[in-house]
Structures are given as C-alpha cells and as structure tokens.
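*Asks:* need a structure here:
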Amino acid sequence: MKKNTVDMFTRIFKVLQPPPEMTLSQWADKFRRLSAGSSAEPGRWKTAKAPYQKEIMDAITDITIKKVVIMSAAQVGKTDAMVLNPIGYYVHYDPSPIMVMQPTIQMAETFSKDRLSPMLRDTPVLRDKVNDKSRNSGNTILQKIFPGGHVTMVGANSPSSLASRPIRILLADEIDRYPATAGNEGDPLLLAGKRLATFWNKKEVCVSTPTNKETSRIAVEFEHSTQEEWNVPCPACGAFTPLLWANIVFDRDKLDEIGCTCPACGVVSSETEWKEQYINGKFVAAHPERKVRGFHLNALASLFVDWREIVEKFLTANEEKKKGNIELLKVWTNTEMGETWEEDGE
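*Replies:* Residues are numbered from 1 along each chain as shown. Modelled structure (predicted):
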C-alpha cells in the first residue's frame, strides 16, 4: 500500500476514533467558564475551590450509575456543579436529549435566560453548538437544539411539557418545590422519569434543598440511596469525620473564634484548620451496596460561606423562636444544614 494511502487512512481513523474518557469534573476544569453576570468569580471553573463537588459530578457521568440524588444546603454551588456542568458536558462531549425540570414554567424560563444562556455564550466549546440567532434553528427559550440532541426546560406544574419526546438525561432541580401533581396527571417526577425508559444509558439527577419532613421528596430519595456524608480528616488526628452542627463550638461574644470538635480525639480545631483539610475530604456511605448514589451536604462544607455567618443566622433564628416565631429556624435548618424540618423538633 502506498504511503499516501496509509497516511489518508491514518487521518480518517484518527477523526473517527472516540474521544478519551473524561469525567464531569475533568470536563469542567478544562472547558467550563463562569459568566460575569451569574458568578461572583467569573472565569475558568476550578473544582478545587469546592472539593466536595468532584465526587458528586463524577458520579453524574459514571456510566454504571443510573441515578444520583443530592440533598444539600443552599450555598454549596449545586446549580452550577450539578445542573449546568452536566448540561455542558452532554452538549459538548456526549450529545444526548436532556430535560431540565424546574418547579414551574416561569422558573424554567428564568433558568434558561439567567443561567443556561450565559453558560452557552461564555463557554467557548459550547458557543457554536446552539444557534439562537437563526429563526429556522428551532430554538426557543425553553428548548435549545444542538447536534445530536436538545436541552428542553419544563415546569413540574405543566403536564403537557412532561409528556414530550423521550430523553436520556433528566436533571430535576429543587424537587421539594414541585407540586404534588402535574394537573391531574400525577407526580411530576414520576411522569418525567417515564421519558427515560427507552435509553439503556439513561441518567436521572435529583437535586434539592429539603423542606418539611412530612412532604420532602428529596428526603425520600436520599433515604433510599447510599446516604453519603461529606467527611474531612481532623487537623489534629487525621480521623475522618462528618461536619456536624452538634460539633461546632462557639461563644456568642467571640464569634471570631468558632471551632469544631473532633469526635475521635476531642480536639477543637479552628475553621481555617478544618478548611485546609477539605481538599482531602471524601464522602462516606451508610449503604454502599445500594445502586442510587445519594449525597448530603450542609453549609459547613462550603468554601463560599464563613462559619460565622452560619452561627449568626442560627442565633437570630433561635432568638425569634423564643418569641414564638419558628419560621427563621425552619429556613436555617433547610438552607444551612440541608436537613428537613420536623414540627416537634429543632
């Protein structure tokens, strides 16, 4: 065979060969750009800034895992890491039909305008994938078409949008705020899940800050999962321990000296000392044998918020509780601790 023929086939096979395997965190670190209008720190994405996100993101694109559940506090970057990054990955790297479900149609439109469109515009590898400028492209606020798939955004309150074409990837955001039924059709999460039936490599991701224990969807999903908690090595003894509110130590008159007690050695280390260990943190599963990966995060794990802010909110909420107003403590429990609220509990 002539050399030029060999060279031609070499070039052809190089083009046709599949791309090397890439996890979601690797994709985000290499390609994702944060937009100035929707991020406090625009520019290149860095998973190292929030180490707890890595294991969750990589579970989302693990082909052996069909469902991922994230029950978390409100300040852990979950929309960027667990909804937008997967969209970018599947649009660019593994084209697929995707559905993003928000509690209402209005919230789906807001998500599209304020979060999705800026990511598509400001991330170079995504910029030319979706053509919003052509009238003949078929793109709308609630649907973005790209080579090999589409991103369709729906409201959990709209039964007609949930009965659309089959999808491979379902990203269900803030599921505790979904209505009990979509019209008269039944549970919206179950309705959307039926759209996944035809794909062998389907993926369902459920994300939410929890609400009341009696009605929380995300709590039920988490209960039937691996139930993984973020653990960090103790700065003093190295024992892995979950960051629990019960272990936080503070004096309300000295809020610059907040610490956390290690249950293993009893040493109280400062916030700075604990956070220096976050890069070595890991999730520990209560039920590793289960097929659904479930992750729980509270705001103590976040590098976007100081512990002092969490403590100050608790003190304010606790003062209001003494006056008979429990609403602030409910919000604190849901949004800071990422836990459900029980009427008879605290």
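*Asks:* since we're on Asn139, how many residues are nearby?
*Replies:* By other C-beta atoms under 10 Å, 18 other residues sit near Asn139. To be clear about C-beta, it is placed using only N, CA and C from the backbone, and glycine gets the same treatment.
*Asks:* three-state assignment of it?
*Replies:* State at Asn139, reduced to three classes by DSSP: H, G, I helix; E, B strand; the rest coil: coil.
*Asks:* Wait, it touches Asn131, no?
*Replies:* Yes. Look at Asn139 against Asn131 with C-beta atoms under 8 Å: they come within range, at 6.5 Å.
*Asks:* what's the overlap in contacts for these two?
*Replies:* Residues within reach of Asn139 and of Asn131 at once, by C-beta atoms under 8 Å, 6 or more residues apart in numbering, are Ile145.
*Asks:* For the stretch 51-200 of the chain, give me the ranges with low pLDDT.
*Replies:* Within the stretch 51-200 of the chain, the stretches with pLDDT under 70 are 132-137, 164.
*Asks:* how about the helices in it?
*Replies:* 52-60, 78-79, 85-92, 105-111, 117-122, 124-127, 159-162, 188-194 (DSSP state H, counting those that start in this stretch).
*Asks:* Quick one: list the elements packing against the fourth one.
*Replies:* It refers to helix 105-111. The helices and strands touching helix 105-111, judged by 3 or more C-beta pairs under 8 Å, 6 or more residues apart in numbering; DSSP states H and E, are strand 97-102, strand 149-155.
*Asks:* For Val311, which of those is the nearest?
*Replies:* With C-beta to C-beta, the closest approach to Val311 among the helices and strands packed on helix 105-111 belongs to strand 97-102: 31.9 Å.
*Asks:* how many neighbours does Gly193 have?
*Replies:* By the criterion of other C-beta under 10 Å, Gly193 has 18 neighbours.
*Asks:* same deal with Gly324?
*Replies:* When neighbours are counted by other C-beta under 10 Å, Gly324 registers 6.
*Asks:* what does the one 4 residues further on give?
*Replies:* By the criterion of other C-beta under 10 Å, Leu328 has 16 neighbours.
*Asks:* right, and it touches Leu315 too?
*Replies:* No. Assessed by C-beta under 8 Å, Leu328 is found out of contact with Leu315, at 10.4 Å.
*Asks:* And the residue nearest the centre of the chain, how close does it get to Asn298?
*Replies:* When C-alpha atoms, centre = their mean is applied to the chain, the residue found nearest the centroid is Met82 (2.9 Å). Distance, Met82 to Asn298, using C-beta to C-beta, to the nearest Å: 16 Å.
*Asks:* Figure out the helix or strand that the residue nearest to the residue nearest to the centre of the chain when sequence neighbours are not counted lives in.
*Replies:* Spatial nearest neighbour of Met82, excluding adjacent residues (C-beta to C-beta, 6 or more residues apart in numbering): Val207 at 5.3 Å. In the assignment (DSSP states H and E), Val207 maps to strand 203-208.
*Asks:* Which elements pack onto that strand?
*Replies:* Counting by 3+ C-beta pairs under 8 Å, 6+ apart, strand 203-208 packs on strand 67-72, strand 169-173, helix 217-223.
*Asks:* Buried ones in it, by neighbour count?
*Replies:* Buried residues in strand 203-208, defined by neighbour count with 16 or more other C-beta atoms under 10 Å: 203-208.
*Asks:* Stretch 42-57 now?
*Replies:* 45, 47, 50-57.
*Asks:* Ok, stretch 83-103 next?
*Replies:* 83-94, 96-103.
*Asks:* closest one to Thr272 among the helices and strands packed on helix 105-111?
*Replies:* Thr272 lies closest to strand 97-102 among the helices and strands packed on helix 105-111, at 37.1 Å (C-beta to C-beta).
*Asks:* How about the contacts made by the closest residue to Thr123 other than its chain neighbours?
*Replies:* Distances taken as C-beta to C-beta, 6+ apart put Arg33 closest to Thr123, at 4.7 Å, once the chain neighbours are dropped. The contact partners of Arg33, taken as C-beta under 8 Å, 6+ apart, are 42-45, 119, 122-124.
*Asks:* Can you name the residues bridging to Arg33?
*Replies:* According to DSSP bridges, Arg44 are recorded as the beta-bridge partners of Arg33.
*Asks:* how far is the strand holding Val207 from where the chain is centred?
*Replies:* On the basis of C-alpha atoms, centre = their mean, to the nearest Å, strand 203-208 sits 8 Å off its chain's mean C-alpha point.
*Asks:* Many thanks, have a good one.
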